[in-house]
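S.K.: Provided below are the primary sequence and the corresponding predicted coordinates.
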Amino acid sequence: MKHGKPLTRHTPLSAQTELKSKASLQRGVGPRRKKALRSRSKKTERRYVLRRALVDDLLAERPWCEIRWDEGCTGRAVDVDEVLSRGRGGDYLDPENCQTPCRYCHDKKHTEPAEALDRGVAAASRGRRAA
């Protein structure tokens with residue numbers, strides 16, 4: 001947008017015209033879907049089936065908390081968490097990128113990310129080093 005004189009209206013403002021039908025504004029009125037919206041794509045759904053199997057296998061194989069944050073740790077692993085998060089380039093289907101924490105340690109890892117990086121239970125980003 002060019003800087004300079006202020007914008008001016010070239011056509012006069014007119015009063016709003018009445019809608020012919022207010023049905024289009026009412027909730028539940030209008031075209032209906034034949035099927036419900038899918039919450040995930042088919043590709044993502046296939047990956048989640050693989051993830052569920054991986055989680056079951058990892059929790060059976062590694063039943064104890066691998067983080068052990070402090071004395072609040074309950075000891076029994078209930079989650080599978082990624083060391084390098086998906087948003088930072090990690091793969092949630094890679095068992096080498098997964099760890100099995102208890103709920104307490106998992107929450108601590110995410111509420112104190114700088115400490116988690118220092119302890120090595122989280123990674124900064126693929127190809128980058130933690131500051």
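M.R.: Looks like it arrived, so ask away. Residues are numbered from 1 along each chain as shown.
S.K.: can you name the farthest residue from the center of the chain?
M.R.: Largest separation from the mean C-alpha position in the chain: Pro12, at 47.7 Å (C-alpha atoms, centre = their mean).
S.K.: what about that residue, which helix or strand?
M.R.: Per DSSP states H and E: Pro12 is located in neither a helix nor a strand.
S.K.: got the contact list for it?
M.R.: Residues near Pro12 by C-beta atoms under 8 Å, 6 or more residues apart in numbering: none. Bear in mind the C-beta positions are built from the backbone N, C-alpha and C, glycine included.
S.K.: what of Trp64?
M.R.: Counting by C-beta under 8 Å, 6+ apart, Trp64 makes contact with Gly75, Arg76, Ala77, Thr100.
S.K.: tell me the pLDDT at the residue farthest from the centre of the chain?
M.R.: Per-residue pLDDT puts Pro12 at 73.
S.K.: same deal with Thr111?
M.R.: 96.
S.K.: separation between it and Ala123?
M.R.: Noted for Thr111: a distance of 17 Å to Ala123, by C-beta to C-beta, to the nearest Å.
S.K.: and those two? Which one has more around it.
M.R.: Legend: neighbour count by other C-beta atoms under 10 Å for Thr111 and Ala123, higher for Ala123 (19 against 9).
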